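Asks: The following block contains a protein sequence and its predicted model.
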Amino acid sequence: MKKTKNIGVLTSGGDGPGMNAAIRASVRTAIYYGYKVFGIYQGYTGLIHDKITELTSRDVGGIINRGGTILQTSRCKEFREYNGRKCAFENMKKYDMNALIVIGGDGSFRGLHDLINEFKIQGIGLPGTIDNDLFGTDFTIGFDTAVNTALDAIDRIRDTATSHARLFIIEVMGRHSGYLAEYSGIGGGAEDILIPETITDIKKICDKLEKGHRNGKRSSILVVAEGDEAGNAFEIKKKIEKVVNWEIRVSILGHIQRGGSPMAIDRLIATRMGYEAVLAIKRGETDKMVGMDKDTAILTPLKKTWTIKKKIDPSLVKMLDILST
Ligand code: ADP
């Protein structure tokens, strides 16, 4: 491994609250240890098209509490091809940059892994996604804030659902992962949670809702992950309407889950991960992701973060079943 010269930092793919805290920590730690740091704008697009600026400690002041990412993000088709990555590498050489910190999800990590292996650069990933779907970390940057945003919405919907005695189906993000639905459903006291990791049984859900109704429940809430195999919230509504005859309303939370000021947990883990990323680079580590294992920062080979499926604890599903009666 060549000695690290300059370090580049970028955010890529889906954004999430806390990314700015990770940028701030990486930049300041790198400067502390004597590295020059470059901010790369709009993810891999900026690396290919030279949207690159040197960052000082002052440039990352006043951002720890801000949602989104000051470096902006993008989906970049060109980076999926070897020629795109070669262009990115050429720009890295131009700035004497041979290490990258990439804050993003599994797609961003796949791209980083290719770049590392094709051009022998040094690269560390930080898990930035509201989905919490990466193996190698208990929590990803943005997840906790997204859960809190969903909880706020569920609480508000519960008020109106109870007033009118309605069933609400609330759709949260999560095309391939039910973490956000699971945590916000448990925290919001949902009657049931529909996630891609488990087979949705409409009949069983309806039986449970009717039982609750007979027991005096005035409102019911189902939290659905957008990627549930039984369909989206509107399709599920149609299926349930065939069995029960209550008023059913659908609420899709959508992109509000991505925004907002990061909550304490996101600021803390993002800060720790940003700091640890630079220490890892300093030690010569590469092709790894920084994650949190309880209260300890750990490294996991990038490839494992998407090849190993992070499992939802089945005991949580059982617990919800008991508590929602
Ligand atoms: P996320 O990082 O949040 O999962 P994406 O899946 O959109 O978001 O990935 C972000 C970017 O990473 C893509 O726009 C692309 O530039 C790059 N990328 C994604 N998948 C790959 C891949 N298989 N090979 C190379 N680059 C990829």
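Replies: Cool, the structure landed. The structure displayed is predicted, hence computed values, not measured ones. Numbering: from 1, shown residues only.

Asks: Which helix or which strand is home to the closest residue to Ile202 other than its chain neighbours?
Replies: The shortest distance from Ile202 to any non-neighbouring residue, by CB to CB, 6 or more residues apart in numbering, is to Lys239 (4.8 Å). For the C-beta atoms, the positions are set from N, CA and C on the backbone; glycine is no exception. Lys239 is part of helix 233-241 when elements are defined by DSSP states H and E.

Asks: Now do that helix, average pLDDT.
Replies: For helix 233-241, mean pLDDT is 96.

Asks: Now it - C-alpha only, CSV.
Replies: Provided in CSV are the C-alpha atoms of helix 233-241 (Å, rounded to 0.1, in the frame of the first residue of the first chain):
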residue,chain,number,x,y,z
ALA,A,233,-50.2,0.4,0.6
PHE,A,234,-53.0,1.0,-2.0
GLU,A,235,-52.8,-2.7,-3.2
ILE,A,236,-52.9,-3.9,0.4
LYS,A,237,-55.9,-1.6,1.1
LYS,A,238,-57.8,-3.3,-1.8
LYS,A,239,-57.0,-6.8,-0.4
ILE,A,240,-58.1,-5.9,3.1
GLU,A,241,-61.3,-4.2,1.9
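
Asks: Buried ones in it, by neighbour count?
Replies: Residues of helix 233-241 classed as buried by neighbour count (16 or more other CB atoms under 10 Å): Ala233, Ile236, Lys237, Ile240.

Asks: Also stretch 245-256?
Replies: Residues Ile248, Arg249, Val250, Ser251, Ile252, Leu253 are the ones in stretch 245-256 that count as buried (16+ other CB under 10 Å).

Asks: Pull the residues that contact that stretch.
Replies: Residues outside stretch 245-256 that contact it (CB atoms under 8 Å, 6 or more residues apart in numbering) are 149-150, 153, 157, 161, 164-173, 213, 233-234, 237, 240-241.

Asks: Likewise for stretch 160-167?
Replies: So stretch 160-167 is in contact with 168, 209, 218-222, 240, 244, 246-249, going by CB under 8 Å, 6+ apart.

Asks: Now, the residues you listed that are in strands?
Replies: Phe168, Ser220, Ile221, Leu222, Ile248, Arg249 (DSSP state E).

Asks: Was I right to think the fourth one contacts Ile157?
Replies: If I follow you right, that is Leu222. No - if you go by CB atoms under 8 Å, Leu222 and Ile157 don't touch, sitting 11.0 Å apart.

Asks: who touches both of these two?
Replies: Common neighbours of Leu222 and Ile157, using CB under 8 Å, 6+ apart, are Phe168, Ile170.

Asks: Tell me the residues of the stretch 51-200 of the chain that contact the ligand?
Replies: Within the stretch 51-200 of the chain, the positions adjacent to the ligand are 75-76, 79-80, 104-108, 110-111, 114, 129 by CB under 6 Å from any ligand atom.

Asks: now those: which count as buried?
Replies: By 16+ other CB under 10 Å, these give Cys76, Phe79, Gly104, Gly105, Asp106, Gly107, Ser108, Arg110, Gly111, Asp114, Thr129 as buried.

Asks: Hmm, Val60 and Ile31 touching each other?
Replies: No - Ile31 is beyond contact range of Val60, at 9.4 Å (criterion: CB under 8 Å).

Asks: Looking at these two, which has the bigger crowd around it?
Replies: Val60 (24 against 17; other CB atoms under 10 Å).

Asks: Give the full set of residues in contact with the more buried one.
Replies: Val60 neighbours (CB under 8 Å, 6+ apart): Asn20, Ile23, Arg24, Val27, Arg28, Ile70.

Asks: Check Asp228 too.
Replies: For Asp228, the contacting residues are Gly178, Leu194, Ile195, Pro196, Thr200, Ile236, by CB under 8 Å, 6+ apart.

Asks: Repeat the analysis, applying 10 Å as the threshold.
Replies: Applying CB atoms under 10 Å, 6 or more residues apart in numbering, we find Asp228 in contact with 171, 174-175, 178, 181, 193-200, 235-236.

Asks: Can you pull out the residues in contact with the lowest-mean-pLDDT helix or strand in the chain?
Replies: Ranked by mean pLDDT, DSSP states H and E, the weakest helix or strand in the chain is helix 314-323, scoring a mean of 87. With CB under 10 Å, 6+ apart as the test, helix 314-323 has contacts from 178, 182-183, 185-186, 189-193, 195, 197-198, 204, 208, 223, 313.

Asks: Kindly recompute the last result at 7 Å.
Replies: Contacts to helix 314-323, defined as CB atoms under 7 Å, 6 or more residues apart in numbering, come from residues Glu182, Gly185, Ile186, Ile193, Thr198.

Asks: Now do the buried residues in it.
Replies: Val317, Leu320.

Asks: I'd like the distance from it to the chain centre, please.
Replies: Helix 314-323 has its C-alpha centroid displaced from the chain centroid by 24 Å (CA atoms, centre = their mean, to the nearest Å).

Asks: Output that helix as CSV, restricted to C-alpha atoms.
Replies: Output of helix 314-323 as CSV, limited to C-alpha atoms (Å, rounded to 0.1, in the frame of the first residue of the first chain):
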residue,chain,number,x,y,z
PRO,A,314,-37.6,-12.7,14.5
SER,A,315,-38.2,-12.2,18.2
LEU,A,316,-39.2,-8.6,17.4
VAL,A,317,-42.0,-9.9,15.1
LYS,A,318,-43.3,-12.2,17.9
MET,A,319,-43.1,-9.4,20.4
LEU,A,320,-45.2,-7.1,18.2
ASP,A,321,-47.8,-9.8,17.8
ILE,A,322,-48.2,-10.1,21.6
LEU,A,323,-48.1,-6.4,22.2
